[in-house]
Every structure is written in C-alpha cells, then in structure tokens.
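>>> predicted model and sequence below, questions to follow.
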Amino acid sequence: MHRFLAPLAEPVTYSRWIHLVVPLALISVWLFIEPGVPWQLALLAVPVGLLPVMRVGEGVQAQLLLTPGERGRTDATISLAPATTWGEKWRTVLWLELRLLFSIVVGSATVWLPVIAIDLVRAASGGDTGEGIFQLIEPRPWYAVLAPLPLLLLLALVVLCGRLTTAAARRLLGPSKTERMAALEELTEQLLERNRIARELHDSIGHALTVSVVQAGAARTAGDPDFTRRALVAIEETGRAALDDLERVLRVLREPGASADRRPTLIAVERLLDSARGSGVAVDAEVVGRIDRLPDSLSREGYRILQESLTNALRHAGQVPVRVRIGVEKDCLELDVRNPLAGPVRRSAGGHGLQGMRERAKLLGGNAKAGPREGEWRVHVALPLRHIG
C-alpha cells in the first residue's frame, strides 16, 4: 500500500499535474473560438514545433515542472538548447502532439471525475443531481461508498500520465549527442580542476607545515637565540607564502573565471630551496640550462614536484643533506632529488604526495619515479618539452 501511496506525497507529482493541464487553457480558448474537436491545434503544432526556439521554451517548462530536481545540473536529462537539426525539430513536433493528447486526457479527467464524485454523494443523500449523470438513477445510500473511487482514479491517472510525460520529455527533448559530449567534457574539466586544486593544497600547505614543524623542533632543541630568531623568521615567511597560495586557490573556487597563473614557477626555486635550508637541512642544488625559458605550465608543475620532493625529504629523513639537480635539456626537463636514508624505508608508494607527482608528470606526458636506491631515497622526474604547446 505504501508503494502506491508514496507518489501522492511527492511534490513533483503535483508539479507534473500542473504541466499536464496547462495546455488545457489554450484548448479552452481555441474551443471558444472554434467549437468542436480541437484537431486544428494538432495541425498547428507542426509549424510551431519546427521553430528552433520552441524546444527551448518546452525544455524550460519540462525542467521546471517535470524534473525540478535536475534544474541547473550539467547532467540534466532535458535540454534547454534550441533545435539545430531537423531530427530535433521533428522530435519537438512529436512532443507537442503527445503533450496535447496527455493534456486532453488529464484535463478532462480533472474536470469530470470530481463532478462524478459529487454526483455520487448527492445521489446517496437523495439530493438533486441536476443534469448530472445520475439524474435518472434512484438514490441509494451505498453510492457514498463509491464516491472516493473517481478521485482515486484521478490521482492514479495523474501519477501515470505524469511519469509517461516525463519519460517522453526525456526521450524527445533530451540532449543531443553533441550536447551530451559537451556536458561530459565540462564535467571532466571540473573533476580535473578539483584534482588539481587538491594537489595544489596538498603540496603547498603540506610543505609549509612540514617546514614549520621542523623549524620549531630545531629551535626548541638548539638553545641558541640567534638560531631561534632565524627559525621564527623562516616559519613566518613560509606561513605567509602558504597563506598566499591558499588565498589564490580559494579565489579560484569562489570565482570560476579567476586566473590561476600566479602559481609559483621554477624561477622562484631559490626561495623554495632557502625555505628548506632554513630548517637546518643542507641543500646542494645544481641548475643546468635556462629555466627562465621553460613554458609556464611546465615550470609551475616542475616547481610543485620539486616542492613535494623536498617536503618528503624533510618529513621522512629529517636533518640529512639533500641534493637537487634541475636540468633543462633540448627537449626535456629533468628533476632529480636525493637524500640518504635515515633508517628503514617506511614510505608508502601509494601516498598522496608521490601519487600527485606521478599525476602531474603523466598529464605533461612525462614520468616520475621515486624509491630507495643504493642507500638513498631518489626522486627522478622527466618532463618532455615537446608536449607543451
């Protein structure tokens, strides 16, 4: 019983009812002008449905009343775009014909089934049914038991026709292959952007917190006021840089059209290396080639990969020397970061940092390898320049 009564508690059932009876107003006006069967309206639906803008209007009504839960969604099953092909135009014509048919059925039932219920009540009470359908039938008290049946039939008809109309709208007014492909591409772009932002936050904030923790721990155990002062300055500078990155990412989230080009590049690599050195770690860096001539996209991703490599070294190896090599060859950017292993390898190959490095490299057509080798932890990344436009 609950299964059959549940649709009556859903607001969409009644919004669909409104959608079904709206054309009845047009039919009523037409019958006032031209009494008889409104077959002329069926013919008029053909040239009207061929207008490209008609698909937009019908799509807006269908989304608003038939599938209100899909409004504003990129994966909506009813399109709001104008008809661009003859197939879409003829489907709009067929939709108008079906909508007219459903409107006549449900509209007539909405008017006459309640009238029948009222006549049954009057016939049961012996009252005057006027010119109702029970005017020639003798009054019987048990007619009152039948009075709810027309109303239940009306509700069942509304639910059934509402679902059939919605299915027809999704089939006839649904997005074309081109629109579905565009929606899929937009959704893919959103997912890629979400993953990129997650990587940005992981690399930037993770680096800042790691450096701050290492600096604070070193300052606490050093017992040197000068070292403590330098550590606090380094923590402040690292925190400010992280806040700038966080503000930039949040601005992109708040304003989808905002530019993300302010992300740091390898040109600012000295600041990154100084941040690591400020933690008391000896960083030996070698730069080969012109990093200032790298494409911006490659330079930004290279910076983040190097940042994550240094963060991992500080977090897992502690106060051990780190060797960094940045090489710009004719057709490749190579990043190589090494540090001695401070103990048994406990890094997980599935960590978010290493996974993020691999994703960045893969998106640029390159590869990233990380793992123990000859007593060292080594990160080697190769990014080809030829894949960058």
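Looks like it arrived, so ask away.
>>> what ranges does this structure have for its strands?
Shown for the chain, the strands assigned by DSSP state E span residues 283-288, 322-328, 332-340, 367-373, 376-384.
>>> of all those, which lies closest to residue 80?
Closest to residue 80 of these is strand 376-384 (Cβ to Cβ; 41.6 Å). Every residue, glycine included, has its C-beta placed from N, CA and C.
>>> quick one: residue 93 and residue 51 touch, right?
No: Residue 93 sits out of contact with residue 51 when judged by Cβ atoms under 8 Å, with a separation of 10.0 Å.
>>> and those two? Which one has more around it.
Neighbours per residue, other Cβ atoms under 10 Å: of residue 93 and residue 51, the larger number sits with residue 93, 18 against 14.
>>> OK, contacts around that one?
For residue 93, the contacting residues are 45, 46, 49, 50, by Cβ atoms under 8 Å, 6 or more residues apart in numbering.
>>> 6 Å - rerun?
By Cβ atoms under 6 Å, 6 or more residues apart in numbering, the residues touching residue 93 are 46, 49.
>>> relative to residue 150, how far out is the closest residue to residue 385 other than its chain neighbours?
Distances taken as Cβ to Cβ, 6 or more residues apart in numbering place residue 331 nearest to residue 385, at 5.2 Å, with adjacent residues excluded. For residue 331, the distance to residue 150 equals 80 Å [Cβ to Cβ, to the nearest Å].
>>> okay, those two: which has more neighbours?
For residue 331 versus residue 150, neighbours defined as other Cβ under 10 Å are more numerous around residue 150 (19 against 9).
>>> ok, residue 311 to residue 275 distance?
Distance from residue 311 to residue 275, by Cβ to Cβ: 10 Å.
>>> if you count surrounding residues, which of the two has more?
A side-by-side neighbour count of residue 311 and residue 275, using other Cβ under 10 Å, places residue 275 first with 24 against 21.
>>> wait, that one sits on residue 238?
Yes: contact status for residue 275 versus residue 238: in contact at 5.5 Å, counting by Cβ atoms under 6 Å.
>>> now the common contact residues for the two.
Shared contacts of residue 275 and residue 238, counting by Cβ under 6 Å, 6+ apart, come down to residue 211.
>>> list the contacts of residue 95.
172, 173.
>>> one more time with 8 Å, if that's ok
Each residue near residue 95 by Cβ under 8 Å, 6+ apart is listed here: 49, 58, 168, 169, 172, 173.
>>> select the helix or strand of this protein having the lowest average pLDDT value.
Within the chain, judged by mean pLDDT, DSSP states H and E, the helix or strand with the poorest mean is helix 177-222; its value is a mean of 68.
>>> can you get me a residue count around residue 286?
If you count neighbours by other Cβ under 10 Å, residue 286 ends up with 10.
>>> please name the nearest non-neighbouring residue to it.
Leaving out its chain neighbours, the residue that sits closest to residue 286 by Cβ to Cβ, 6+ apart is residue 325, at 4.7 Å.
>>> shouldn't that neighbour be in contact with residue 289?
No: using Cβ under 8 Å, residue 325 is not in contact with residue 289, being 10.8 Å away.
>>> shared neighbours, the two?
The overlap between the contact sets of residue 325 and residue 289 (Cβ under 8 Å, 6+ apart) is empty.
>>> sorry, back to before: for the residue nearest to residue 286, give its distance to residue 60.
According to Cβ to Cβ, residue 325 and residue 60 sit 60 Å apart.
>>> next one: residue 13
For residue 13, the distance to residue 60 - Cβ to Cβ - is 20 Å.
>>> more neighbours: those two, which one.
Neighbour totals were compared for residue 13 and residue 60, and residue 13 leads with 16 against 13 (other Cβ under 10 Å).
>>> ok, how many other residues are close to the closest residue to the more buried one other than its chain neighbours?
Excluding the flanking residues, the one nearest residue 13 by Cβ to Cβ, 6+ apart is residue 7, at 5.2 Å. Other residues lying near residue 7 total 17 when counted by other Cβ under 10 Å.
>>> what does residue 223 give?
So residue 223, with other Cβ under 10 Å, has 8 neighbours.
>>> can you check residue 117 too?
19.
>>> got the contact list for the residue nearest to it when sequence neighbours are not counted?
Nearest residue to residue 117 in three dimensions, chain neighbours excluded: residue 150, at 4.4 Å (Cβ to Cβ, 6+ apart). Contact analysis of residue 150 by Cβ under 8 Å, 6+ apart lists 113, 114, 116, 117, 120.
>>> from those residues, keep the buried residues only.
With neighbours counted by 16 or more other Cβ atoms under 10 Å, the contacts of residue 150 contain buried members at 113, 116, 117, 120.
>>> what about the last one, distance to residue 290?
So that's residue 120. Noted for residue 120: a distance of 92 Å to residue 290, by Cβ to Cβ.
>>> try the first one
Separation of residue 113 from residue 290 (Cβ to Cβ) stands at 83 Å.
>>> show me where the chain has its helices.
For the chain, the helices defined by DSSP state H occupy 2-5, 11-33, 39-49, 52-65, 86-125, 143-146, 148-172, 177-222, 225-254, 269-277, 296-312, 352-363.
>>> now, of the ones you listed, which is deepest in the fold?
Between the helices of the chain, helix 296-312 has the highest mean count of neighbours, a mean of 23, where neighbours are mean count of other Cβ atoms under 10 Å.
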